[in-house]
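the sequence and its predicted three-dimensional model are supplied below.
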Protein chains: 4
Amino acid sequence: MFKKISLITNSDSENIAETLRFLIKFLQDREIEIELDECCGRLLGDTGLPVVPPEQLGATSDLAIAIGGDGTMLKAAHLVCGHDIPLLGINRGRLGFLADIPADSVEQHLEEILKGNYSEDPRFLLHSEVHRNNELVHVRNAFNDVIVQKWNVARLIEMDTYVDDIFVHRQRSDGMIVSSPTGSTAYALSGGGPILYPTLDALVLVPICPHSLTNRPIVINGNSKVDIILGPSEDNYARLTCDGDITMELQAGDRVHVEKKNKYIRLIHPAGHDHFSILRAKLRWG
Amino acid sequence: MFKKISLITNSDSENIAETLRFLIKFLQDREIEIELDECCGRLLGDTGLPVVPPEQLGATSDLAIAIGGDGTMLKAAHLVCGHDIPLLGINRGRLGFLADIPADSVEQHLEEILKGNYSEDPRFLLHSEVHRNNELVHVRNAFNDVIVQKWNVARLIEMDTYVDDIFVHRQRSDGMIVSSPTGSTAYALSGGGPILYPTLDALVLVPICPHSLTNRPIVINGNSKVDIILGPSEDNYARLTCDGDITMELQAGDRVHVEKKNKYIRLIHPAGHDHFSILRAKLRWG
Amino acid sequence: MFKKISLITNSDSENIAETLRFLIKFLQDREIEIELDECCGRLLGDTGLPVVPPEQLGATSDLAIAIGGDGTMLKAAHLVCGHDIPLLGINRGRLGFLADIPADSVEQHLEEILKGNYSEDPRFLLHSEVHRNNELVHVRNAFNDVIVQKWNVARLIEMDTYVDDIFVHRQRSDGMIVSSPTGSTAYALSGGGPILYPTLDALVLVPICPHSLTNRPIVINGNSKVDIILGPSEDNYARLTCDGDITMELQAGDRVHVEKKNKYIRLIHPAGHDHFSILRAKLRWG
Amino acid sequence: MFKKISLITNSDSENIAETLRFLIKFLQDREIEIELDECCGRLLGDTGLPVVPPEQLGATSDLAIAIGGDGTMLKAAHLVCGHDIPLLGINRGRLGFLADIPADSVEQHLEEILKGNYSEDPRFLLHSEVHRNNELVHVRNAFNDVIVQKWNVARLIEMDTYVDDIFVHRQRSDGMIVSSPTGSTAYALSGGGPILYPTLDALVLVPICPHSLTNRPIVINGNSKVDIILGPSEDNYARLTCDGDITMELQAGDRVHVEKKNKYIRLIHPAGHDHFSILRAKLRWG
């Protein structure tokens, strides 16, 4: 089933190293081939296992396992999105929205997953472009969200938003979040956005601290094309952020285009996985 | 094209009567057959036109026109939902989310619409059921929203919510709104819900004044089945409301089931209609 | 110091009875006189201790102790507000905003408090009146909040609000909360209100699901006089609630007047008490 | 009464120049002495009137008049706060929260004000300090708000808040606003804060996009001392903003201290001024 597995982390903690070592032994006992991303390589030192650079990681694997938290899952999603392999998250510390196998029950869960007892949960990626003077100057994927956010200025910034080339509004705010359902429980939630069920085919636009109190989050069809055009006075006063990485500084008139990418991250979960139970645990409902 | 048209109102104001008289003359000049709902009949007195009871209204028509505001559109949607005819709204007073032809430009817009220059905007209905002791005791449609709301008690009420038979949460609140995209700009918006684009295939669950501050609106797939089960102490402390009508009083343990109905209201708009321009006007964006 | 203490509950649970019995023994060992409210009397059966009706309870005591949760504290506040005695809350179950001594450390905390090691935390009461046709028809105190809330109708209700006889706004909503700082962490918080520090001399007006999205909570001076006048169509469509008790049904044109009462509830806490630590625990900050 | 008046603007628009010229003639006709701030000087060119540098502006005047919008009022408040003179705002364009005399009725309103028919509306200033390694490194006033805001980083920042040396919470967010009542209708409102009545003796703490959904705005006594300490990883990831000016970049461990300044800006308004009517107009209530 899973003959070769890529291991990914973004941490340098001894806790993670311990889980990794356990995992490696567990997989080697079952004669599964293993490759490590560079961060795992640095963390573990010499293991005899191949350490693979980002561009090749996962290319010949059947599964990727990320060990860490939701941030690690974001990194892993970017690494494996070019390859059609599933992604599993093992969590050290607090339960994550994405990394939902607790480190202390890896053995039991992994045993089942290796037998094929798991559910697959496809999550779409976002594709973002920046157009400057009618030229495409930047392309980037995001798993959670694409954000146009004020930068280097204390006042609100102005931007125009279009959906499928229809004008939505001119808004003064701290910025605008374009979020996938996956991202709806990340920064978009802090900004006042709704929770989107992960398989919903939709995007949500969440204004950040908008000047107009009636500028509320808007949920649009998943195949919509969103364009956000920076106002004429916003030279170097805004930047683009994808999944929490500062991606580039924006200039007045820049057009940020966001749409669903025709690519899915194939998250896998233990059989019987239930997204609402994760929401209850993370948001402490009840 | 439209050979017979049903006229609908829910008002007794002279303003509406004036628009109705204008409309009747306009349609008669074009030799279009007209029928009136009972409220139009009462308002206009003897016109020689047939006044048709609710159960037959629209059965032989090609189009229904509602004259009033969004409340009139709700009434009209309930009246015509059994017949596969489009529905147009003419607005007296403030612009509506649904009734978007201003009374003072009826002539110009209607001329175009009668020529076939219009766009159709299908909006799904909600279907709601109440189950008591495993028996179906109530069925009702809604266009905007189905609401379980506290009643006759000052404290919060307790209810359990399920989506597709998966437990979502136990919640103490003033109630829960299950809204269609159409209803997302009505009561759900006052309750803190997001705006859903009208053609999005989704429902939104909006808790009303929830005790837990992390109980946020949840947007789910349009084909989801929602069940809300009243807590064991809530005998006669909650009621069901569909589109703002008090529908029935609920008892402890009652299960309110909501899903998308396999029926659409075919709203029609002038060609070039644009939902965001209505949002801008109604919510005074910018 | 405290020669006579009144014990108050509103519960019939065996847990509470147990704490009460422990408390009675503890106080009798220290030769402190005890009186019981009627609910304690019913719960404990014959104890030989005087059971005192509401109107006399606390009249000759030096301290009242409420055993239960925040609801018990509300009851106790109403019972003792006519007498100038401090009030202490002992909590069974979850920590409360008001009842902050856990039942399992009663002995240790009470020992210190009886020695005089405690801090006093005065909380003002609200005074509410209903005026109908220029006649005063109702008077009532509240510790948390006075609420005008829709009732018996599914649509929003309309009301005009005045502060110190200055018109604030005409609002359509599910109702309006006038809350003391003490009540700001109760229902007002679910309605979207801010947290007011307990000793702040202020009231907060929190609209419940207002139709206008810009109708936000307003914090006003503690000595302000608030008047809420029900719209002309709201006959029997709203009611007054004080501290979660349905107080009376309101008619169109009724004027609900709320102001700070010239009376304080003297909450007492163990020395070193810290309101923010209670907020952190109750709201799970951090 | 007002023998000498300082005129202040921060605009270079011809509209403002026109209002200034009208105002100068109006005052000269009444033999009132005039001085101009540098921006008025640049805008009007040679007028024969003294142009006074910031540090001396208002020192010998009896009144300051700001011509512009709320931003101009902020500038004027900073200019005149060292002198005990009242401040009047004349508004070009949209009505302001602070500048409430419309330019087209200057004559009528000013006539009355010069006669002494006006009301005075004292608004307190905030005082902010930055302490680094136990050393005071920065002092600054604010009229609206003091803000610690993330900067140069896409993730949330961590900070600890204290009120009167009592720990409030550790928060991860985009920042924290400490606002005066005056500032409660500015940025704090966009951040989800309540409206504070201008004369309320209170501060409000508004978290910006907090990670914890229960981190709500907190209203505290006006004489409270607020300290916000940046987390240990926030080196150069946050900055201090006072009234919308970027004031300084902050380092890990920096302590930002905010308290009410013992200084009031004496806003004046036409007699019969009513703050709620301004709220209604600005927030389009009703």
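Everything's here; your move. Numbers count the residues shown, from 1 in each chain, chains lettered A, B, ... in the order given.

got the residues of the stretch 101-250 of chain A near chain C?
Applying C-beta under 8 Å from any C-beta of the partner chain, we find that the stretch 101-250 of chain A lies next to chain C at A:213-214, A:216. No exception for glycine: its C-beta is placed from N, CA and C like everyone else's.

dump these to JSON lines, plus pLDDT and secondary structure.
Rendered in JSON lines, the data for these read as follows (pLDDT from 0 to 100; DSSP: H, G, I helix; E, B strand; the rest coil):
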{"residue": "A:L213", "pLDDT": "95", "secondary structure": "coil"}
{"residue": "A:T214", "pLDDT": "96", "secondary structure": "coil"}
{"residue": "A:R216", "pLDDT": "97", "secondary structure": "coil"}
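
closest to chain B among those residues?
Chain B lies nearest to A:T214 out of those, by C-beta to the nearest C-beta, at 4.1 Å.

count of residues packed around the residue nearest to the closest one when sequence neighbours are not counted?
Closest residue to A:T214 apart from its sequence neighbours, by C-beta to C-beta, 6 or more residues apart in numbering or on different chains: B:L283 at 4.1 Å. Per other C-beta atoms under 10 Å in any protein chain shown, the neighbour tally for B:L283 reads 20.

so who does B:L283 touch?
A:214-216, C:213 (C-beta atoms under 8 Å, 6 or more residues apart in numbering or on different chains).

now do A:N152
A:N152 touches A:236-237, counting by C-beta under 8 Å, 6+ apart.

quick check: phi and psi on it?
phi 70, psi 20 (degrees, to the nearest 10).

likewise A:D245?
The phi/psi pair for A:D245 (degrees, to the nearest 10) is phi -100, psi 130.

any idea how many residues pack against it?
Counted by other C-beta under 10 Å, the residues lying close to A:D245 total 14.

A:I220 too?
21.

contacts only, for it.
A:I220 touches A:163, A:202-205, A:226, B:197, B:200, counting by C-beta under 8 Å, 6+ apart.

what helix or strand is it on?
strand A:218-221 (DSSP states H and E).

try A:L49
Using DSSP H and E, no helix or strand contains A:L49.

what pLDDT is listed against the residue nearest in space to the middle of chain A?
In chain A, the C-alpha nearest the mean C-alpha coordinate belongs to A:F143, at 3.2 Å (C-alpha atoms, centre = their mean). pLDDT recorded at A:F143 is 97.

would you confirm that it contacts A:I265?
Yes - taking contacts as C-beta atoms under 8 Å, A:F143 lies within contact range of A:I265: 6.4 Å.

give me the common contacts of these two.
A:77, A:81, A:123, A:125.

for those residues, work out which two are farthest apart.
A:C81 and A:R123 (10.4 Å; C-beta to C-beta).

now do stretch A:115-127: everything it contacts.
For stretch A:115-127, the external contacting residues (C-beta under 8 Å, 6+ apart) are A:1, A:77, A:81, A:86, A:112, A:139, A:141-143, A:145-146, A:178, A:180-182, A:198-199, A:201, A:203, A:222, A:242, A:258-261, A:263-273, A:275.

direction included, what does the strand or helix carrying A:T241 pair up with?
Applying DSSP H and E as the criterion places A:T241 in strand A:238-242. On the basis of DSSP bridges, the sheet neighbours of strand A:238-242 come out as strand A:145-150 (antiparallel), strand A:245-250 (antiparallel).

now, of the ones you listed, which is deepest in the fold?
Most buried of the strands paired with strand A:238-242, by mean neighbour count (mean count of other C-beta atoms under 10 Å in any protein chain shown): strand A:145-150, with a mean of 26.

the following helix or strand past that strand pairs with which strands?
Per DSSP H and E, strand A:145-150 leads on to strand A:157-163 as the next helix or strand towards the C-terminus. Sheet partners assigned to strand A:157-163 using DSSP bridges are listed as strand A:166-173 (antiparallel), strand A:226-230 (antiparallel).
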